Structures are given as C-alpha cells and as structure tokens.
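Peer 1: the following block contains a protein sequence and its predicted model.
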Amino acid sequence: MQERSIHFYSEGCKLQGTVYLPDDYQPGEKRPAIIPCSGYNGFNGFYPRMFSRYLTKAGFVCLGFDYRGFADSEGPRGRVILDEQVEDIVNALTYLQIQDEVDPERIGLIGWGMGASNVVRAAAKDERVKAVAALNGFFNGARWLKTIHAYVQWQEIQQTIAEDRVRRVTTGASQLADPFIHYPLDPATNHTVNEDLAVNYPFGEPTALQFTESIVGMNAERAAADIAPRPLFVAHGKHNLLHPLEESVSLYEAAKEPKQLYLIDGKHNDFMVYGHPVLNPLMDEVVRFFAAI
C-alpha cells in the first residue's frame, strides 16, 4: 500500500489525512475510491488505515483522515459534535473527487462504530456517495443511551444535558468531562482499547458534555431510506455489548433495497486486527459489496 500525506479544509478547519493507493496503481488510472471513517475517539491511524490495507489490495483508492479536533487536525480539542463530523466526511468526499487517481463517479463510504451513523447520514444527504457500509454502529442516539443506562441514570443524563446547555449560553463553553462518562465501555471493548489503542495514541482525552446532547439528537435510522437506490451494507457483531445488535437490525429494516445485513462472529472490536480470522471474511464481504460501485 502506497501512502501520501494530504490535508483539506472543513468549515475552515485544516484536517490532516492520508491517500492510500494500491501497490499496482499506475499513473493516469482512475480507480474507484472509499473513505473509511473512524468511530468515537478514533484516529486515521486506527481503523481507517487498517480498512485501507484490505481495500487497496482489492484495487480501491482510500482516503483516511482525522476529524476536526483530533490528532493533528485543527479544531477545538474535546469538541465532538456528530453533525460536524458528518460535514467533515462530506468535505473529504469533495477533496477525494478531485484527486488524479480517483474516478469521481465511483466513491463509497465505510464507517466504524459511531462513524457508522456518520456515513449513513452523509450518504443520505449527498448523492455523490454511490454505496455505504455501516459496521458495528448505533443509529438512534437517544434509544441507544436508554438501552445502556438504567432509568435513573437516563434521567440524570437529561438533567446534565440541560445544565450544560445553560452553561454554554452563560459562559460560552461546554464543560469538559471524562470521554466515557455517558459512553461506558463494556469489559471486552475496554480491554481492547487499553491494550491496543490507548498505548499508541493520545486516546481518551476530556470531551465536552455537548457531545452527549449531540448523541441524543442523532437519528441516522430516519435517514436510512433516503440512501436507496444506492446500496447499503450493514454489519454487526453478534455478541456486541457496547452497541447492541438490535441497532443495526433496526437500521436494516428501516432501509430500502438494495441492502445487505451481515452478522459478525465477534463482539465490538475484539477482532479488529489486520488478518484476524473474524475480520478477514467480513472484509471479503465488504470488498464484494463495493465492487459493484
């Protein structure tokens, strides 16, 4: 896989990224392209690069990037707003379209975890996306938060959101808090994060509480039907305790044909290692899915 460092701008923020090219790419060719998008607190060097290793082997050009406020991309640290990340993806799409190596009429999106809802919403609003894959995500933020919290905790979260809204309009800033205060990791996911991710990247920095309000207002499921007649691929871990399987099933049922549902024989990210025997067949299906764009 060949790599070229790039940058582009998203609503005034300079975002850093990488164009990933197949080893057999020849100058002058126009290849189909994919933008792999990170999940919560993710970086281009996490899963976008790993997805690109599979996809470039299959002949695709890929563009991985860091959302505003992450890694070396510009933007306020700790500010995670889902609508803004969707804007970053749409702007990445514009940048990718003008690259010499890319067929601008054959671009797809793949999103991991929280990024899965981002790519669904980006595809629904932008017809330049020809196919979209949503992996291990959640697609109705309020429903998901209610699912993983007890009733009393949910009431406390709503109160926290209301208090932070007042704080923002009276002080100009959202309160910073532990990034997982309302996004509790299950034991398996927490182990993977600490063993494989946190040791190599500035992972888990404080996040503004406005992020929680952003989750509550997100409903990608409502937008799912707008993707058709472009194809949608939905995949989810059978044993995922962080994002329940029902989230992807509900998204799939809300979408129109053509669509595909793939059940992963794993949890959330326990298999997210290049060459893993669970990840390999998933990526084979992803490659077959995108081959049609």
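Peer 2: Structure received. Numbers count the residues shown, from 1 in each chain.
Peer 1: in the one helix or strand residue 115 maps to, what's buried?
Peer 2: Using DSSP states H and E, the element containing residue 115 is helix 114-125. Across helix 114-125, burial judged by 16 or more other Cβ atoms under 10 Å covers 114-124. Where you see a C-beta, it was placed from the backbone N, CA and C, and this is true even at glycine.
Peer 1: just stretch 184-195 next, same as before
Peer 2: For stretch 184-195, a neighbour-count test (16+ other Cβ under 10 Å) marks 185, 188-189, 192-193 as buried.
Peer 1: and of the buried residues of helix 114-125, the nearest to residue 17?
Peer 2: Set against residue 17, the nearest of the buried residues of helix 114-125 by Cβ to Cβ is residue 115 (14.2 Å).
Peer 1: ok, the closest one - contacts?
Peer 2: By Cβ atoms under 8 Å, 6 or more residues apart in numbering, the contact list for residue 115 reads 37-40, 42, 85, 137.
Peer 1: the residues you listed in strands, which ones?
Peer 2: Among these, the members falling in strands (DSSP state E) are residue 37.
Peer 1: out of the contacts of residue 115, which one has the lowest pLDDT?
Peer 2: For the contacts of residue 115, the weakest pLDDT value sits at residue 42, with 89.
Peer 1: for that residue, what are its contacts?
Peer 2: Contacts for residue 42 (Cβ under 8 Å, 6+ apart) come out as 48, 70, 112-113, 115.
Peer 1: now do 7 Å
Peer 2: By Cβ atoms under 7 Å, 6 or more residues apart in numbering, residue 42 lies in contact with residue 115.
Peer 1: hang on, the earlier thing: save the buried residues of helix 114-125 as TSV, and put in distance to residue 143 and pLDDT too.
Peer 2: Output for these, formatted as TSV (distance: Cβ to Cβ, whole Å; pLDDT from 0 to 100):
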residue	distance to residue 143	pLDDT
114	14	96
115	18	98
116	15	98
117	12	98
118	17	98
119	19	98
120	15	98
121	16	98
122	21	98
123	21	98
124	18	98
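Peer 1: of those, which is the nearest to residue 175?
Peer 2: Residue 175 has its nearest neighbour among the buried residues of helix 114-125 in residue 114, at 20.6 Å by Cβ to Cβ.
Peer 1: Three-state assignment for residue 76, please.
Peer 2: Under DSSP: H, G, I helix; E, B strand; the rest coil, the three-state class of residue 76 is coil.
Peer 1: roughly how far apart are it and residue 220?
Peer 2: The gap separating residue 76 from residue 220 is 24 Å, by Cβ to Cβ, to the nearest Å.
Peer 1: can you pull out the strands in the stretch 151-293 of the chain?
Peer 2: In the stretch 151-293 of the chain, the strands defined using DSSP state E, counting those that start in this stretch lie at 176-177, 207-208, 232-237, 259-264.
Peer 1: Serialize those strands to JSON lines and add fields for mean pLDDT, distance to residue 14 and mean neighbour count.
Peer 2: What follows is these, written out as JSON lines (pLDDT from 0 to 100; distance: least, Cβ to Cβ, whole Å; neighbours: other Cβ atoms under 10 Å):
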{"stretch": "strand 176-177", "mean pLDDT": "94", "distance to residue 14": "23", "mean neighbour count": "16"}
{"stretch": "strand 207-208", "mean pLDDT": "96", "distance to residue 14": "21", "mean neighbour count": "24"}
{"stretch": "strand 232-237", "mean pLDDT": "98", "distance to residue 14": "31", "mean neighbour count": "25"}
{"stretch": "strand 259-264", "mean pLDDT": "98", "distance to residue 14": "35", "mean neighbour count": "17"}
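Peer 1: turn the ones you listed into CSV, columns for distance to residue 144.
Peer 2: Formatted as CSV, the strands of the stretch 151-293 of the chain follow (distance: least, Cβ to Cβ, whole Å):
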stretch, distance to residue 144
strand 176-177, 19
strand 207-208, 17
strand 232-237, 13
strand 259-264, 18
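Peer 1: of all these, which one is nearest residue 132?
Peer 2: strand 232-237 (5.7 Å).
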